[in-house]
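Colleague: Here is my input, please return the structure:
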Amino acid sequence: MFDNISDRLNSIFKKLKGHGKLTEKNIEDGLKEVRMALLEADVHYKVVKQFVAGIKQRALGQEVMDSLTPGQQVVKIVNEELAALMGGHQEKLNLSGERPVSIMLAGLQGSGKTTSAGKLSLLLRKEGKKPYLVPADVYRPAAIEQLKKLAEQIDIPVYASTTEMSPVQICRDARVSALKAGCDVMLIDTAGRLHIDDELMGELRFIKEAVDPSEILLVADAMTGQDAVNIADAFNKALDIGGVILTKMDGDARGGAAISIKAVTDKPIKFIGVGEKLSDLEPFHPDRMSSRILGMGDVLTMIEKAQSMVDEKKAAELEQKFRKSQFTLEDFRDQMVQVRKMGSLKDLVSMIPGMGNSKQLKNLNVDERELVKIEAIINSMTPQERHQYQLINGSRRKRIAKGSGTGVQDVNRLLKNYSQMIKMLKKINKGGMRGLGRGMLPF
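Modeller: Residues are numbered from 1 along each chain as shown. I've put the predicted structure just below:
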């Protein structure tokens, strides 16, 4: 999402770093370009004005002018101001109150409320909560069925709403059912509505009065740009929302909504949708997002993703196998599956400091289908073949290729690269690092 603004800002900073000593004119010229980059990214013009003024005040102060690396200091200031603009720190859900606490999800039709309800329930369960889903959108029959199917898919209890029931009554009755089911958090999926529709906005206020939610979250589509900011402002004035879930952050929108919402509404972005999978919902960290925008990476998020996916016991066993050069094709397949669960390889690489805006990353075109192909090839092998790849002769290769729907050349390439990787592991374990890198992964 932030590719364009990242490219622009990094080009500006590169020019500033090229000056041995910064002058007031250098800084003002750079800030003009920063202003244009933000406006082109659809950041609210008042937010841009305030943001640039804050940077200018600090950049023309002694912390930059007297610095040995003034260009780096400007980047540091922009990073801090950008993080502050988006909220400064992560804002967690308010889950205080009598159990089960209620969380209302509101927003326009098509913004992703129903899917976000499922994603959020999954995230809360990982944190040890017992969520309960409530379909309260009686105006779109498919919405009720969609949430029920999502609930069944992730094995989370759901209230048996029907389109004949009133949304307010659904929420009241669901609270009793949630309590009986032993759940402590109730997620209410309300109907999509325009913020200018007084009747439907009034219905939201009735639901709010009926269940006294600890949190009202606006689900906004990041692809709508500055409109998302205006929508958030209108819903906030009508309902006093607690925060925002910004969906479709993996799209090609310009990113203005993410940067502007907090400054305009004074309400934080609490979660971001980063993909279509139900696991693709992340807590929003302004400081980490700022670092990613400026190409500084996001190591903490990458570590958290790894920790959520990796079994510590298996990781310890794998380490021993690495040390003894006993890393089998089966081990490789299992690790590849774990990595794929963390997201696309390109997104993971972009979290490494210095890689966010590198030419190598922009030219990186990892075909995820190749990983699926490799998994299919390994799955077509017998357990013995996965542990002793030397057994795989010509006839076995043909059988494996046919069973995996691939070609013999694909099997040959995997086995060749895998054997090179095993040789590299043996060199590492003997203390030799020469030749490390190429052929380290068997694809």
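
Colleague: going forward, measure contacts between C-alpha atoms and count neighbours the same way
Modeller: OK.

Colleague: Where is the longest helix in this protein?
Modeller: helix 408-429 (DSSP state H).

Colleague: Averaged pLDDT, that one. What do you get?
Modeller: Average pLDDT, helix 408-429: 83.

Colleague: can you check stretch 189-203 too?
Modeller: For stretch 189-203, the mean pLDDT works out to 79.

Colleague: any idea how far D173 is from H387?
Modeller: 56 Å (Cα to Cα, to the nearest Å).

Colleague: helices and strands around the longest helix of the chain, which ones?
Modeller: Packing partners of helix 408-429 (3 or more Cα pairs under 8 Å, 6 or more residues apart in numbering; DSSP states H and E): helix 312-323, helix 394-404.

Colleague: Comparing those helices, which yields the minimum mean pLDDT?
Modeller: helix 312-323 (a mean of 66).

Colleague: Would you mind writing the CA trace of the strand or helix carrying K14 as PDB?
Modeller: Taking DSSP states H and E as the criterion, the element that holds K14 is helix 3-17. Extracted C-alpha coordinates of helix 3-17, given in PDB (Å, rounded to 0.1, in the frame of the first residue of the first chain):
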ATOM      1  CA  ASP A   3       5.100   1.700  -2.000                       C
ATOM      2  CA  ASN A   4       4.600   5.100  -3.800                       C
ATOM      3  CA  ILE A   5       4.900   7.300  -0.700                       C
ATOM      4  CA  SER A   6       7.900   5.200   0.500                       C
ATOM      5  CA  ASP A   7       9.700   5.700  -2.800                       C
ATOM      6  CA  ARG A   8       9.000   9.400  -2.800                       C
ATOM      7  CA  LEU A   9      10.100  10.000   0.800                       C
ATOM      8  CA  ASN A  10      13.200   7.900   0.400                       C
ATOM      9  CA  SER A  11      14.200   9.800  -2.700                       C
ATOM     10  CA  ILE A  12      13.800  13.100  -0.800                       C
ATOM     11  CA  PHE A  13      15.900  11.800   2.100                       C
ATOM     12  CA  LYS A  14      18.600  10.600  -0.200                       C
ATOM     13  CA  LYS A  15      19.000  14.100  -1.500                       C
ATOM     14  CA  LEU A  16      19.100  15.600   2.000                       C
ATOM     15  CA  LYS A  17      21.700  13.000   3.100                       C
END
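
Colleague: Specify the angle between whichever helix or strand comes after it and helix 3-17 in degrees.
Modeller: Sequence-wise, the next helix or strand downstream of helix 3-17 (DSSP H and E) is helix 24-40. Following axes from the mean of the first three to the mean of the last three Cα atoms, to 10 degrees, one obtains 180 degrees for the angle between helix 24-40 and helix 3-17.

Colleague: neighbours around G30, how many?
Modeller: 18 (other Cα atoms under 10 Å).

Colleague: still on that earlier bit, H387 and D173: which is more packed in?
Modeller: The residue with more neighbours, out of H387 and D173, is H387; 16 against 13, by other Cα under 10 Å.

Colleague: which residues sit in contact with the more buried one?
Modeller: H387 makes contact with T328, L329, E330, according to Cα atoms under 8 Å, 6 or more residues apart in numbering.

Colleague: List the buried residues for stretch 51-58?
Modeller: If you call a residue buried by 16 or more other Cα atoms under 10 Å, then stretch 51-58 has these buried ones: F51, V52, I55, K56, R58.

Colleague: how about the first one, secondary structure?
Modeller: To tie it back to what came earlier, the one meant is F51. helix (DSSP: H, G, I helix; E, B strand; the rest coil).

Colleague: Look up how far I392 lies from it.
Modeller: In terms of Cα to Cα, F51 sits 62 Å off from I392.

Colleague: Who wins on neighbours among the contacts of H387?
Modeller: L329 (24 neighbours).

Colleague: is it true that it touches Q384?
Modeller: No. Counting by Cα atoms under 8 Å, L329 sits too far from Q384 to count as a contact (10.3 Å).

Colleague: What are the structural domain limits within the protein?
Modeller: 3-85, 101-296, 303-429 (automatic domain parsing).

Colleague: Format those as TSV; extra columns: distance to K92.
Modeller: Shown next, in TSV, are these (distance: least, Cα to Cα, whole Å):
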stretch	distance to K92
domain 3-85	16
domain 101-296	7
domain 303-429	16
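
Colleague: ranking the ones you listed by mean pLDDT, which is last?
Modeller: domain 303-429 has the lowest average pLDDT among the domains of the chain, namely a mean of 76.

Colleague: what about the domains of the chain, which gets the closest to E91?
Modeller: domain 101-296 (5.8 Å; Cα to Cα).

Colleague: Need phi/psi at I269.
Modeller: phi -80, psi 120 (degrees, to the nearest 10).

Colleague: Next one: the most centrally placed residue in the chain from M249, what distance?
Modeller: Geometric centre of the chain, nearest residue: V274, 3.8 Å, by Cα atoms, centre = their mean. Distance, V274 to M249, by Cα to Cα: 5 Å.

Colleague: Can you classify A160 as helix, strand or coil?
Modeller: Applying three-state DSSP: A160 is coil.

Colleague: how many other residues sit next to it?
Modeller: Number of residues near A160 (other Cα under 10 Å) recorded here: 14.

Colleague: got a list of what it touches?
Modeller: Here A160 is in contact with P135 (Cα under 8 Å, 6+ apart).

Colleague: just the helices in the stretch 1-150 of the chain please.
Modeller: 3-17, 24-40, 45-59, 62-65, 70-85, 113-126, 141-154 (DSSP state H, counting those that start in this stretch).

Colleague: Rebuild these as JSON lines, extending it with distance to R397.
Modeller: Output for the helices of the stretch 1-150 of the chain, formatted as JSON lines (distance: least, Cα to Cα, whole Å):
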{"stretch": "helix 3-17", "distance to R397": "43"}
{"stretch": "helix 24-40", "distance to R397": "54"}
{"stretch": "helix 45-59", "distance to R397": "60"}
{"stretch": "helix 62-65", "distance to R397": "64"}
{"stretch": "helix 70-85", "distance to R397": "53"}
{"stretch": "helix 113-126", "distance to R397": "41"}
{"stretch": "helix 141-154", "distance to R397": "37"}
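
Colleague: closest to D184 out of these?
Modeller: With Cα to Cα as the criterion, D184 lies closest to helix 113-126 of the helices of the stretch 1-150 of the chain, at 10.3 Å.

Colleague: which residues in the stretch 151-300 of the chain form helices?
Modeller: 167-180, 198-211, 226-239, 256-265, 286-293, 299-309.

Colleague: Would you mind writing the CA trace of the second one as PDB?
Modeller: What follows is helix 198-211 as a C-alpha-only set of coordinates in PDB (Å, rounded to 0.1, in the frame of the first residue of the first chain):
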ATOM      1  CA  ASP A 198     -30.400   9.000  10.000                       C
ATOM      2  CA  GLU A 199     -32.800   6.000  10.500                       C
ATOM      3  CA  LEU A 200     -30.100   3.300  10.300                       C
ATOM      4  CA  MET A 201     -27.600   5.400  12.400                       C
ATOM      5  CA  GLY A 202     -30.400   5.800  15.000                       C
ATOM      6  CA  GLU A 203     -30.700   1.900  15.000                       C
ATOM      7  CA  LEU A 204     -27.000   1.800  16.000                       C
ATOM      8  CA  ARG A 205     -27.600   4.100  18.800                       C
ATOM      9  CA  PHE A 206     -30.500   1.900  20.100                       C
ATOM     10  CA  ILE A 207     -28.200  -1.100  19.900                       C
ATOM     11  CA  LYS A 208     -25.500   0.800  21.900                       C
ATOM     12  CA  GLU A 209     -28.100   1.700  24.600                       C
ATOM     13  CA  ALA A 210     -29.300  -1.900  24.800                       C
ATOM     14  CA  VAL A 211     -25.900  -3.700  25.200                       C
END
